[in-house]
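Engineer: Sequence and computational prediction follow.
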Amino acid sequence: MAGAACAATLAMALAGHAQAGNLTIESWRVDDLQLWQDVLIPAFQKKNPGITVKFSPTAPTEYDSSLAARLAGGTAGDLVACRPFDVSLSLYNKGHLEKLDGKPGMEFFAPAAKTAWQTDDGKDTFCMPIASVIHGFFYNTKIFKELNLEPPKTEAEFFKLLDTVKASGKYTPLVMGTSEQWESHQVLFTGIGPNYWKGEEGRKALISGKAKFTDPQFVAAWEYEAKLAQYLPKGASAQTYSDSQNMFALGKGAVYPAGSWDIAYFNGKLDMGAFPPPVPKAGDACYISDHNDIGMGVNKKSKNKEDAYKFLAWLGSQEFADLYTNKVTGFFSLSNHLISVKDPIAKQMIGWRKGCASTIRVNSQILNRGTPSMENEMWNVNAQVLNGKLTPKDAAAKIQAGFAKWYKPQQ
């Protein structure tokens, strides 16, 4: 009997040993597979020989459901790429992710960087922040030169510029469509709005119930959006995201409302510059949507937590921040390491952090939890404002009514 127990113990020890030195990373970033294999993992292994790391991505549309199933079934990888806010919070609440407060590497992230991967009370952090995306506008430098235009600093300058492009009759002033709806909200409205609702101040006031979407500072953002509608392409309501990318890349439009992830698509296709959302009037403080996009957590059921934490510590390092920011163009490290950004447009955009206060998409924290879904309503409402089918006041009233239906602080 003792021999059998001994053999069982040995078998368990060997099974545990088989796991040591092997790590698997779950992610939805299929596009980054080669980068992890050729650049990031080798850089980590140089400092940590003997640890084998496999990057195992799932298609973005299937990631959330298949990861949840693998975590529940105990077959998920050791490290888990985390979406911001509720999707990852739900994984933590179900006991799938480790609490990371105080773990090596976490000290390089400011409180704001961690918001997307914390419990509502901010007491537990369950994913290490990796990167954010920044919103603003790209412009075609050739068209600007030809029409003698400068990047605008105020809205009055912006409208004058768009009018000049329109009057030339040669180019579309503002390249965006509303067919897919998401750009209307995630790129345009949450890009231009923070200058009105004062970024974090306005966003937090909605959460606490101190502000409503029908308040002047929110209605004003929709009024500004409605004014921009006259500069969109002909047939904007049928224009898709890839139509817009194509149109701008071919030099048919002057200005493109952008997320920094778009940089990589346009590189090598045209000469462009970038400017942050112009402020309502000269001297106003500026705010940018600098949205927490991706983090990394440790699977609670990982058989190799010791190495998973070594890997996490490396993800918090200067070396990783540098590599990731410069290789995944348009995704900016959320760490406080000083990074020398090589891509000229990415460098411009990350530079806005120096002069403007960062905020995140207005409804991303807590406000998407009820029915109707504020995210879905925002897509629709902002597309309808741009299509001229909904007035700014009606847009605000619709979002507020849906919000107040389920959110206690707004009742």
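Structural biologist: Arrived safely, thanks for sending.

Engineer: Only C-alpha atoms from now on, for both contacts and neighbour counts.
Structural biologist: Fine.

Engineer: any idea which helix or strand comes after the helix or strand of the chain with the lowest mean pLDDT?
Structural biologist: The weakest-scoring helix or strand in the chain, judged by mean pLDDT, DSSP states H and E, is helix 2-19 (a mean of 41). Note on helix 2-19: by DSSP states H and E, the next helix or strand toward the C-terminus is strand 22-27.

Engineer: those strands in this protein, which residues are they?
Structural biologist: For the chain, applying DSSP state E gives strands covering 22-27, 52-57, 79-82, 128-140, 172-174, 253-259, 272-275, 287-298, 332-333, 357-359.

Engineer: Check which helices and strands the first one is in contact with.
Structural biologist: Where contact means 3 or more C-alpha pairs under 8 Å, 6 or more residues apart in numbering; DSSP states H and E, strand 22-27 is packed against strand 52-57, strand 79-82.

Engineer: could I get these as JSON lines with mean neighbour count?
Structural biologist: Converted to JSON lines, the helices and strands packed on strand 22-27 look like this (neighbours: other C-alpha atoms under 10 Å):
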{"stretch": "strand 52-57", "mean neighbour count": "18"}
{"stretch": "strand 79-82", "mean neighbour count": "25"}
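
Engineer: now those strands as a markdown table including mean pLDDT?
Structural biologist: Output for these, formatted as a markdown table (pLDDT from 0 to 100):
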| stretch | mean pLDDT |
| --- | --- |
| strand 52-57 | 98 |
| strand 79-82 | 98 |
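
Engineer: looking at those, which is closest to residue 215?
Structural biologist: Proximity to residue 215 (C-alpha to C-alpha) singles out strand 79-82 among the helices and strands packed on strand 22-27, at 33.5 Å.

Engineer: outside of that closest one, which residues touch it?
Structural biologist: Contact with strand 79-82 is made by 23-28, 88, 117, 127, 294-299, 302, 308, as judged by C-alpha atoms under 8 Å, 6 or more residues apart in numbering.

Engineer: repeat that with 7 Å
Structural biologist: Outside strand 79-82, the residues within contact range by C-alpha atoms under 7 Å, 6 or more residues apart in numbering are 24-27, 88, 127, 294-299, 308.

Engineer: Can you tell me which of those is nearest residue 185?
Structural biologist: Using C-alpha to C-alpha, residue 294 is the member of the contacts of strand 79-82 that sits closest to residue 185, with 19.4 Å.

Engineer: Now for that closest one, how many residues are close by?
Structural biologist: By other C-alpha atoms under 10 Å, 24 other residues sit near residue 294.

Engineer: how far away is the residue positioned nearest the centre of the chain from residue 116?
Structural biologist: Centrality entry for the chain: nearest residue to the mean C-alpha point is residue 293, 3.3 Å, by C-alpha atoms, centre = their mean. Using C-alpha to C-alpha, to the nearest Å, we find residue 293 at a distance of 8 Å from residue 116.

Engineer: returning to what we had before: let me have the helices and strands packed on strand 22-27 in JSON lines, extended by distance to residue 263.
Structural biologist: Shown next, in JSON lines, are those (distance: least, C-alpha to C-alpha, whole Å):
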{"stretch": "strand 52-57", "distance to residue 263": "22"}
{"stretch": "strand 79-82", "distance to residue 263": "22"}
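
Engineer: quick one on the thing from earlier: using TSV, please lay out the strands of the chain together with distance to residue 162.
Structural biologist: Shown next, in TSV, are the strands of the chain (distance: least, C-alpha to C-alpha, whole Å):
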stretch	distance to residue 162
strand 22-27	40
strand 52-57	42
strand 79-82	39
strand 128-140	11
strand 172-174	5
strand 253-259	8
strand 272-275	14
strand 287-298	21
strand 332-333	29
strand 357-359	26
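
Engineer: So for residue 380, which of the ones you listed sits nearest?
Structural biologist: Nearest of those (C-alpha to C-alpha): strand 253-259, 17.7 Å.

Engineer: tell me the average confidence for the closest one?
Structural biologist: Averaged over strand 253-259, pLDDT sits at 98.

Engineer: How about stretch 331-342?
Structural biologist: 95.

Engineer: can you check stretch 364-383 too?
Structural biologist: The model assigns stretch 364-383 a mean pLDDT of 96.

Engineer: cool, stretch 227-241 as well?
Structural biologist: Here the average pLDDT along stretch 227-241 is 98.

Engineer: in it, what counts as buried?
Structural biologist: Buried residues in stretch 227-241, counted by 16 or more other C-alpha atoms under 10 Å: 228-233, 236-237, 239-241.

Engineer: Can you add distance to residue 165 and give those back as CSV?
Structural biologist: Listed next are the buried residues of stretch 227-241 as CSV, based on distance: C-alpha to C-alpha, whole Å:
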residue, distance to residue 165
228, 13
229, 14
230, 12
231, 9
232, 12
233, 12
236, 17
237, 21
239, 20
240, 22
241, 22
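
Engineer: quick one: which of those sit in helices?
Structural biologist: 228, 241 (DSSP state H).

Engineer: nearest to residue 380, of the buried residues of stretch 227-241?
Structural biologist: For those, the nearest to residue 380 is residue 237 (11.7 Å; C-alpha to C-alpha).

Engineer: Enumerate every residue touching the closest one.
Structural biologist: Taking C-alpha under 7 Å, 6+ apart as the test, what residue 237 contacts is 177-179, 387.

Engineer: Residue 117 and residue 130 touch, don't they?
Structural biologist: No. Assessed by C-alpha atoms under 7 Å, residue 117 is found out of contact with residue 130, at 10.7 Å.

Engineer: For the nearest residue to residue 126 once chain neighbours are set aside, give me its contacts.
Structural biologist: Leaving aside its chain neighbours, residue 126 sits nearest to residue 99 (4.7 Å; criterion: C-alpha to C-alpha, 6 or more residues apart in numbering). Contact analysis of residue 99 by C-alpha under 7 Å, 6+ apart lists 124-126.

Engineer: swap in residue 138?
Structural biologist: Residue 138 sits next to 255-258, 272-275 when contact means C-alpha under 7 Å, 6+ apart.

Engineer: Quickly list what it is bridged to.
Structural biologist: Using DSSP bridges, the bridge partners assigned to residue 138 are residue 256, residue 274.

Engineer: what's the distance between it and residue 314?
Structural biologist: Per C-alpha to C-alpha, residue 138 is found 33 Å from residue 314.

Engineer: Ok, residue 30 next?
Structural biologist: Distance of residue 30 to residue 314, given as C-alpha to C-alpha: 21 Å.
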